[in-house]
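Visitor: okay, sequence plus prediction incoming.
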There are 2 protein chains.
Amino acid sequence: MNQITQDKPNVLVIGAGGVGVITALSLYVKNECYVSLVVRSDYGHVQKQGYQIDSCDYGKFDNWRPHAIYKSVEEASQSKVFFNYVVVTTKNIPDGPPHSTVPHILEPILKSNSSLSNKWFTNILLVQNGIDIEKDIIETFSKDQFQYTVLSGIQFIGSTKIGSGNIKQIGKDHITVGPFLQSDPDAIKASHAFIQLYDNKGINFVEFDQRVRYNRWKKLLYNAAINTATALVQLDVPRCLEFSKGNDSSTEFQIFIPAMREIVKIAATEGIVLDEQFIEFFTNITRNKMFRPSMCVDVDKGQLMELEVILGNPIRIAKKNGVETPVLSMLYNLLILVQGKLLERNNLIQFDETTCRLAE
Amino acid sequence: MNQITQDKPNVLVIGAGGVGVITALSLYVKNECYVSLVVRSDYGHVQKQGYQIDSCDYGKFDNWRPHAIYKSVEEASQSKVFFNYVVVTTKNIPDGPPHSTVPHILEPILKSNSSLSNKWFTNILLVQNGIDIEKDIIETFSKDQFQYTVLSGIQFIGSTKIGSGNIKQIGKDHITVGPFLQSDPDAIKASHAFIQLYDNKGINFVEFDQRVRYNRWKKLLYNAAINTATALVQLDVPRCLEFSKGNDSSTEFQIFIPAMREIVKIAATEGIVLDEQFIEFFTNITRNKMFRPSMCVDVDKGQLMELEVILGNPIRIAKKNGVETPVLSMLYNLLILVQGKLLERNNLIQFDETTCRLAE
């Protein structure tokens, strides 16, 4: 194992959930790079017997392994391999445990890479939801010290880890990759190069994204308005729409649409014009599908939600730019409490019932 | 059993939960009326062995029984007893099952009473939350056909049914009784007469309520703003307040207080002035108490919430009177979905997952 060299680009995929494993598999199938995967909880299982995969894109595998697996990012950073691409597919939860924030995850690799080469770029691809997710990285790591680019991956895929080392992909992989900084020539080049490594013609769909921020705002129409509301009431989208039929369809007209209009207004203050038609499009996209969006599923599972990158950051931009967001703010203020409940359940905060106060 | 006559007033208590049983006990202890209780689910148990009660007001009882118990209101209505007072302690859920709405519950007694006497009043005392709860009764039953008054009971009590026929009262009984229609001399008289039947000096606290609507709006400050929000996020009040500390205490300043201010504004359009100090009072009243308000407990138990009388009615009054209620409406629109979830769980609505529509 780990017999990988630098004769082809090296890609490190961080996050071995439904998305991360199929991402690693896609790169492996294309066979133009070495693929390393950080596998945390399933490490022993995967080391012994590899992955069992049932993929609508690639078929069935009984004991698939990437070129290398690592127990942790730290271990990967000690491998003496320069990782040209670091693909982050973990959830982005800045308010979660400090060791799991994206800058913290990236630090060992940026350091080891910079000790191995001062001419190659570390190209960081964030396959994650939300807006402003590149900012923490740019603020944490100096470009003088570390030579890196930050790329955006906006992915649509239906893939779930259904057991230890067991992945089921039911929705085809569709991903757009592009530079967070639209004018950065190194990031543009790295995006195109990654697409070349990832593109399995006729199987997956991968495309260059010329307007990352526009597309992230666009995806937020759904995520900030609909994903959030379903998480709060713990219902799939069709039930949310149907249960308010007797109240003048208030879910649609008093929650989803007004919340999306607020996103349109915030984006507009950045010069990004989101067409009104998207509001109708996203209202209807899951009307007839028994779909529980990601934040709703997180609450189901007792996991932290990506609340800050999906809702906190847009609201902070709105405040800075003087946009009123009554609906989004109400969703946010209520979801802060749900996130608090999840933080407490995961022992990340303690509440003292005798004093009725958070413990320090 | 049922050896009751008309030599003393007859009181029928409907609803044999923690509140209803202590209400019946209070009347029984005072011993100036005959007390009948409608006991539904616990009927067999109570008929056989009576109630086991542990009351902070009245002490311990091993097999207490009121003067009569009935399996249903229909059965009570066939007893040939004229009930001078009908005390309704059930939850008020107009959007619940049709047979459990208050007019439906009252109908058999109003009919039997009117067939027994055309000179006595049926005095209906609603010991229930919310605003405009008398309206359905007044609209349903003609005063020409049925001679009745509607009285308001606003109760503060900590009493719970902890098992079949087993009641534990930990918070002292405090109730105000008065006429919904402030100028109705019959209702005023009936209120005072009921207080006489109920008042156990030095034990419970019962008082005439001269300003029923004012006091109902006042209690709504807490119930419409705080009870509702806790139900939505499924957390006790102190956790709701504490979990938003890092977000500028948004629970207090962006949810509770703005919601209460909206109630103040709506009440003002009816000429009812709620002092600003109550907002601070109610914000703090359960800050240091591990308290889950009633709607939150309903969701815990999978029971329908009193959403319409606590939040729907105030919002309808606001709409009629041209008051904007962005915060209350958002809470309402979200809680409509939670209520829908509870309606589905209780088989009161059906959702077809193949069509993604409510079944007719």
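Guide: Cool, got the structure. Just so it is clear, the model here is predicted, and its values are computed rather than measured. Numbering: from 1, shown residues only, chains lettered A, B, ... in the order given.

Visitor: show me what contacts the closest residue to residue A:222 other than its chain neighbours?
Guide: Leaving aside its chain neighbours, residue A:222 sits nearest to residue A:282 (4.5 Å; criterion: Cβ to Cβ, 6 or more residues apart in numbering or on different chains). All C-beta atoms are positioned from the backbone trio N, CA, C, and that covers glycine. If you count contacts by Cβ atoms under 8 Å, 6 or more residues apart in numbering or on different chains, residue A:282 has them with A:221, A:222, A:225, A:226, A:256, A:260.

Visitor: could you look up the SS state of the third one?
Guide: This points to residue A:225. Three-state call for residue A:225 (DSSP: H, G, I helix; E, B strand; the rest coil): helix.

Visitor: which sections of the stretch 1-150 of chain A are below the confidence cut-off?
Guide: A:1-4 (pLDDT under 70).

Visitor: and the residue of it found nearest chain B, how far from residue A:349?
Guide: Using Cβ to the nearest Cβ, residue A:95 is the residue of the stretch 1-150 of chain A that sits closest to chain B, at 8.3 Å. The gap separating residue A:95 from residue A:349 is 10 Å, by Cβ to Cβ, to the nearest Å.

Visitor: for residue A:102, what are phi and psi?
Guide: phi -60, psi -50 (degrees, to the nearest 10).

Visitor: try residue A:253
Guide: Dihedral angles for residue A:253 - degrees, to the nearest 10 - are phi -90, psi -20.

Visitor: for residue A:151, same thing?
Guide: Dihedral angles of residue A:151 (phi, psi; degrees, to the nearest 10) stand at phi -110, psi 150.

Visitor: three-state assignment of residue A:336?
Guide: helix.

Visitor: before we move on, back to that, is it true that the residue of the stretch 1-150 of chain A closest to chain B touches residue A:342?
Guide: No - contact criterion Cβ atoms under 8 Å: residue A:95 and residue A:342 do not qualify, at 10.2 Å.

Visitor: tell me what the nearest residue to residue A:219 once chain neighbours are set aside is bridged to.
Guide: Distance criterion Cβ to Cβ, 6+ apart; nearest residue to residue A:219, sequence neighbours excluded, is residue A:154 at 6.0 Å. According to DSSP bridges, the partner residues bridging residue A:154 are residue A:176.

Visitor: thinking residue A:154 is in contact with residue A:216, fair?
Guide: Yes - between residue A:154 and residue A:216 a contact is recorded at 6.8 Å, counting by Cβ under 8 Å.

Visitor: the two: which has the busier surroundings?
Guide: residue A:216 (25 against 20; other Cβ atoms under 10 Å in any protein chain shown).

Visitor: hmm, back to that, find the nearest non-adjacent residue to the residue of the stretch 1-150 of chain A closest to chain B, please.
Guide: Nearest to residue A:95 is residue A:308, by Cβ to Cβ, 6+ apart, at 5.4 Å.

Visitor: just checking, the one you found is part of a strand?
Guide: No - counting by three-state DSSP, residue A:308 is not found in a strand; it is helix.

Visitor: what does the pLDDT read for it?
Guide: At residue A:308, the predicted lDDT confidence score is 98.

Visitor: would you mind naming what in chain A lies close to chain B?
Guide: Contacts of chain A with chain B, taken as Cβ under 8 Å from any Cβ of the partner chain, map to A:229, A:232-235, A:238-240, A:242-245, A:247, A:250-251, A:254-255, A:287-290, A:326-327, A:329-330, A:332-334, A:336-341, A:344, A:351, A:353, A:356-358.
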